[in-house]
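# no sequence on this one, just coordinates:
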């Protein structure tokens, strides 16, 4: 072969930096939305798959399995019931668009609604993937702090008033109200109503991301913003990735047709995977509820294991609020710890963590926060990983000073 | 509810027009890549699915099923063998990116390589979805005619020389060399070599779309451009939609890392559906080859049914070249027939066709061509649909004058 053609000489300007080949998962993997392998309902999924091939296999011969580009009707029908039961949402199958995970939903919504120079409202600590998308698109983010009751809507009111006084209108308020990423907090009913009041007052849209909302330890999920809204200004997204399996790429958008029709138009992939949609429809009707109840018990057990390990290994050096659900813990270390540098040093030891600067925007002291995902590693790996992380942190930053009641060397 | 919020007031400028709700498939559906329902290998897929849940179900707990963002390793390994066998391609799993159908592959390649004002070379008659994507992106298309031996590479040489004399360098040559859409022609080996020579001479990339290449009646598929190329300038895309099932969204890109790493970076969907990839890997190893052999027999039978019906109903008014494979027929009607108007009139009778203007760019007389897809309707529906189409055509345009040897009223 002569010198190979170098495509980097002809790619568009301003793209994401090229990827490097994947190196496998690290041993102590505290990042990503991966889930508990033992909780994958393998046998029920197998049986559901068996039934669907037998009864509906031939439908695979058409794009969209005879359901149109909004996705498999059977799953949209199931979602109508599920969303009514869990999130108090009243909708019909025609209000739902099935997507390839909520990641695609986010890309479609951004493609439809925002472009360079637009302003959006976001929570100060936030899902890294949402923030990086807005940064890439050149969107200006105005941040609102989050506490144990979710987004601080009094601060939202201030931000909206200030923008209004500048003659600037944000495209939407992006929020993760139920099991906020990364804090795990749940927006109270009062604040939900306050947020919607403000959205009405300034006539702006709300973009509600409820990807983790089924993972609440006590099983109670407040009415979603979509449900509380009375003028169809909320675009609601969700997913089955966090409850059934992340490798199944099935997310959804619920919105009024003025939004959904536009999202459909920019969705140029000839439909999302129908088999995964059909499988979920077949499986969820009977099994979703007991599965999620059991999954939440397992996840709570892993969270307890993580907080025990943090208490043991970091002691008072690690501050966190015990979340009411989810798959991650948001942890503050002493101010002298730079978690971005810690992440680099930890990676050398096979430990992956999310540094606070990647999971927040314009947040004071984000440099000493980190996010730890606990759903995927088993309990022994969680304990061992946290112990090793404490060693690395002590070596690099001198804290934590104590570990398991013993001064560190 | 008060007046619902109207998202159309806040969407970005320049987007595709919003979609209208899907109205179901028409009775006589001669459009789209839909396939023969009776040929879906339901029982073998069911058995494969059974095995994979039993042996690999827990892997669904992680994004990318432990295979990284390029997609399920087992399917990439299968593809290495399949592409070697059918298309003479030598590659490794690390040269392959699995996508959500070849539609996503096209969007990723366009995102990476082209922007407004760029020039690309395309075949004059072409896949409507490729053309509409380029139009939307503001890309200038320079067209090359196609005959029974595929793209006319002497005309390609002229176009490239002319662009060169204007100091303009196209981003790539986009071609469907094997079972060209819509003509069904297969690019000869001589022309493949000529095309690659020209690409080398002008140092431009080649974008090879082999989505239909497995559907060749006599089972012989020439070496792909990717295989014949010796300096890695070819980006090759393919799919399982046309051979196994369109509702499974599994396509792929084969390319060198300078391209693949960039495509991966712009692929922001957290992975394509793993279950469909795992299922295909499990199924294809044993069954792909006999399945496709049988499918081709079935498709050829439907094509014969279609050409018989055209001969019977349209007589000499319908001109076509009998294609060596595929799922569509490219048909020329008399010059007085405007197939765009025919499509509108036919839709009223439940008949869907692709008018020539949507399946070509800057082609003389495209207004009286049409594309008929024959894989999905059964034979009785094909015959009936063509008879009805002839009636509509006679009513609207006065041709065909005869039908079944009898003058039409």
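Looks like it came in fine. Predicted model, so just to flag it, every value in this text is computed and none were measured. Numbers count the residues shown, from 1 in each chain, chains lettered A, B, ... in the order given.

# switch to C-alpha atoms for all contacts and neighbour counts from now on
Fine.

# quick one: the helix or strand where residue A:111 lies near chain B?
Element membership of residue A:111 [criterion: DSSP states H and E] is helix A:101-113. Yes. Using Cα under 8 Å from any Cα of the partner chain, a contact is recorded between helix A:101-113 and chain B, made by A:101, A:103, A:104, A:107, A:111, A:112, A:113.

# just for chain A, where's the confidence low?
Applying pLDDT under 70 to chain A picks out residues A:1.

# Outline the domain layout of it.
A:23-40+A:290-407, A:42-287 (automatic domain parsing).

# which one of those lies closest to residue B:397?
Ranking the domains of chain A by their distance to residue B:397 (criterion: Cα to Cα) puts domain A:42-287 first, at 32.2 Å.

# what's the longest helix in chain A?
helix A:274-314 (DSSP state H).

# what's the angle from it to helix B:274-314?
Helix A:274-314 runs at 160 degrees relative to helix B:274-314, counting by axes from the mean of the first three to the mean of the last three Cα atoms, to 10 degrees.

# before we move on, the earlier item: who's in contact with the helix holding residue A:111?
A:99, A:130, A:133, A:171, A:211, A:237-241, A:248-253, A:262-263, A:266-267, B:10-12, B:15, B:268-270 (Cα atoms under 8 Å, 6 or more residues apart in numbering or on different chains).

# Filter these down to the ones in strands?
When the contacts of helix A:101-113 are checked against strands using DSSP state E, the ones located there are A:99, A:237, A:238, A:239, A:251, A:252, A:253.

# ranking the residues you listed by neighbours, who comes first?
Most neighbours among the ones in strands among the contacts of helix A:101-113, by other Cα atoms under 10 Å in any protein chain shown: residue A:99, with 30 neighbours.

# from what I can see that one touches residue A:274, true?
No. Under the criterion of Cα atoms under 8 Å, residue A:99 is not in contact with residue A:274, lying 10.2 Å apart.

# Common neighbours of those two, please.
residue A:71.

# thinking again about what came up before, can I get the ones in strands among the contacts of helix A:101-113 in JSON lines with distance to chain B?
Formatted as JSON lines, the ones in strands among the contacts of helix A:101-113 follow (distance: Cα to the nearest Cα, whole Å):
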{"residue": "A:99", "distance to chain B": "10"}
{"residue": "A:237", "distance to chain B": "14"}
{"residue": "A:238", "distance to chain B": "14"}
{"residue": "A:239", "distance to chain B": "13"}
{"residue": "A:251", "distance to chain B": "11"}
{"residue": "A:252", "distance to chain B": "13"}
{"residue": "A:253", "distance to chain B": "14"}
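
# List just the nearest of those to residue B:75.
residue A:99 (22.6 Å).

# buried sites along stretch A:276-285?
Going by neighbour count (16 or more other Cα atoms under 10 Å in any protein chain shown), the buried part of stretch A:276-285 is A:276, A:277, A:278, A:279, A:280, A:281, A:282, A:283, A:284, A:285.

# Just put those residues in a markdown table and tack on distance to residue A:300.
Shown next, in a markdown table, are these (distance: Cα to Cα, whole Å):
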| residue | distance to residue A:300 |
| --- | --- |
| A:276 | 27 |
| A:277 | 28 |
| A:278 | 30 |
| A:279 | 27 |
| A:280 | 24 |
| A:281 | 27 |
| A:282 | 27 |
| A:283 | 24 |
| A:284 | 22 |
| A:285 | 24 |
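
# What about chain B: which of the residues you listed touch it?
Of the buried residues of stretch A:276-285, the ones that also sit near chain B (Cα under 8 Å from any Cα) are residue A:276.

# So which of the buried residues of stretch A:276-285 is the closest to residue B:187?
Among the buried residues of stretch A:276-285, and counting by Cα to Cα, the member closest to residue B:187 is residue A:276, at 36.5 Å.

# Give the full set of residues in contact with the closest one.
Counting by Cα under 8 Å, 6+ apart, residue A:276 has contacts A:248, A:249, A:250, B:273, B:275, B:276.

# Run through the helices of chain A in chain order.
So, for chain A - with DSSP H - the helices run A:42-56, A:73-87, A:101-113, A:128-136, A:153-165, A:189-201, A:225-228, A:257-266, A:274-314, A:339-347, A:379-397.

# one step back: quick one: the longest helix of chain A to chain centroid distance?
Here helix A:274-314 is found 15 Å from its chain centre; the criterion is Cα atoms, centre = their mean, to the nearest Å.

# For residue A:146, see how far away whichever residue of the stretch 301-409 of chain A sits closest to chain B is.
Chain B sits closest to residue A:376 of the stretch 301-409 of chain A, with a gap of 7.6 Å, by Cα to the nearest Cα. Distance of residue A:376 to residue A:146, computed by Cα to Cα, to the nearest Å: 26 Å.

# Which one of the two is surrounded by more residues?
For residue A:376 and residue A:146, the more surrounded residue by other Cα under 10 Å is residue A:376, and the numbers stand at 25 against 20.

# Contacts only, for the more buried one.
A:29, A:30, A:34, A:35, A:36, A:37, B:61, B:62.

# before we move on, what about residue A:168?
residue A:119.

# can you check the one 3 residues further on too?
Residue A:171 is in contact with A:113, A:114, A:118, A:119, A:120, A:204, A:205, B:10, counting by Cα under 8 Å, 6+ apart.

# Tabulate these (CSV), appending neighbour count and distance to residue A:356.
Formatted as CSV, the contacts of residue A:171 follow (neighbours: other Cα atoms under 10 Å in any protein chain shown; distance: Cα to Cα, whole Å):
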residue, neighbour count, distance to residue A:356
A:113, 22, 28
A:114, 22, 25
A:118, 18, 25
A:119, 21, 23
A:120, 21, 21
A:204, 21, 29
A:205, 23, 28
B:10, 15, 32
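
# Residue A:89: which of the residues you listed is nearest?
For these, the nearest to residue A:89 is residue A:205 (17.3 Å; Cα to Cα).

# Help me confirm that that closest one comes into contact with residue A:172.
Yes. Residue A:205 is within contact range of residue A:172, at 4.6 Å (criterion: Cα under 8 Å).

# Determine the number of other residues adjacent to residue A:24.
The burial count for residue A:24: 9, using other Cα under 10 Å.

# What residues does the stretch 201-350 of chain A have near chain B?
Counting by Cα under 8 Å from any Cα, the stretch 201-350 of chain A comes close to chain B at A:205, A:230-233, A:245-249, A:258-259, A:261-266, A:268-276.

# one step back: could I get the helices of chain A as CSV with distance to residue B:400?
Output for the helices of chain A, formatted as CSV (distance: least, Cα to Cα, whole Å):
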stretch, distance to residue B:400
helix A:42-56, 40
helix A:73-87, 41
helix A:101-113, 46
helix A:128-136, 56
helix A:153-165, 66
helix A:189-201, 61
helix A:225-228, 56
helix A:257-266, 37
helix A:274-314, 41
helix A:339-347, 73
helix A:379-397, 75
